[in-house]
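**Q** The sequence and its predicted three-dimensional model are supplied below.
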Amino acid sequence: MPSYPLSVAVVCMSNMNRSMEAHRILRRKGFRVRSFGAGSRVRLPGRARNLPVVYDFSTTYEEMRKDLVRKDRQRYNSNGILHILGRNERIKPRPERFQECRDRFDVIFTCEESVYDKVVEELWVREQETFQPVHVINVDMADNAEDATLGSLIICELCERLQQADNLEDSVVEVLLAAERKTGKSFLHTVCFY
């Protein structure tokens with residue numbers, strides 16, 4: 001069993017729903033966790049599906065919430081966005097982009113395959129300094145409140161099993177195969193290096 005808590009990152013596209021729900025659950029379980037988005041901007045549902053409300057990653061969750069209340073409190077309350085922003089404000093001030101973070105993690109979880117591709121690509125283009133391995137694992141989940149919670153619980157269970165393993169490097173594949181049998185989901189996995 002590792003003598004230190006796993007250092008975990010969770011990445012979705014906008015650091016808004018899925019990665020923040022996992023951040024909340026993992027933090028409550030005592031993991032060292034950070035969450036990120038891999039997109040170029042934060043995109044929230046707008047008045048129409050093809051017209052999202054767009055913010056820079058430098059915009060705080062509080063600023064987003066106040067802007068949406070001003071624009072249409074009823075709409076953003078009924079679709080759950082104001083609730084999500086309130087939860088996020090209690091966790092950290094603003095969304096963060098994965099591409100701007102140079103911290104090292106033991107495991108990075110992504111929430112959809114396109115984000116997995118962006119994270120792996122970003123890690124491969126960085127100059128390797130320590131050759132410390134990082135496991136990138138995709139746990140696919142739809143971007144809605146229910147699936148974000150269910151997917152985050154899977155991520156939490158994976159973290160707990162990896163934390164209990166005698167050797168992280170030797171145990172990842174076994175832990176993922178057991179989780180695939182239990183959940184019926186398949187998980188993308190690759191090892192990158194810092």
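**A** Sure thing, it's come through.

**Q** Run through the bridge partners of residue 97.
**A** residue 37 (DSSP bridges).

**Q** so where do the strands sit in this structure?
**A** Listed in chain order, the strands found in the chain under DSSP state E are 7-12, 32-37, 42-48, 51-55, 107-110, 133-138, 188-193.

**Q** quick one: low-confidence ranges for the chain?
**A** Applying pLDDT under 70 to the predicted model, the residue ranges of the chain that meet it are 1-3.

**Q** Kindly report the domain assignment for it.
**A** The domain map for the chain lists 7-39+97-193, 42-90, with the assignment taken from the TED database.

**Q** Out of those domains, which is the most enclosed?
**A** Of all those, domain 7-39+97-193 has the most neighbours on average by mean count of other C-beta atoms under 10 Å, namely a mean of 18. All C-beta atoms are positioned from the backbone trio N, CA, C, and that covers glycine.

**Q** How far off centre is it?
**A** On the basis of C-alpha atoms, centre = their mean, to the nearest Å, domain 7-39+97-193 sits 7 Å off its chain's mean C-alpha point.

**Q** now the end-to-end length of that domain.
**A** Domain 7-39+97-193 has its terminal residues 15 Å apart, counting by C-alpha to C-alpha, to the nearest Å.

**Q** now swap in stretch 135-143 and tell me
**A** When the termini of stretch 135-143 are compared using C-alpha to C-alpha, they are 23 Å apart.

**Q** cool, stretch 86-102 as well?
**A** From its first residue to its last, stretch 86-102 covers 27 Å (C-alpha to C-alpha).

**Q** which other residues reach the biggest helix by length in the chain?
**A** For the chain, the helix reaching the highest residue count under DSSP state H is reported as helix 145-164. Surrounding helix 145-164, the residues in contact under the criterion C-beta atoms under 8 Å, 6 or more residues apart in numbering are 1-2, 5-6, 8, 10, 17-18, 21-22, 24-26, 29, 31, 80, 84, 106-107, 109, 111, 137, 139-141, 168, 171-172, 175-176, 178-179, 183, 185.

**Q** and the angle for that helix with strand 32-37?
**A** Using axes from the mean of the first three to the mean of the last three C-alpha atoms, to 10 degrees, the interaxial angle of helix 145-164 with respect to strand 32-37 works out to 140 degrees.
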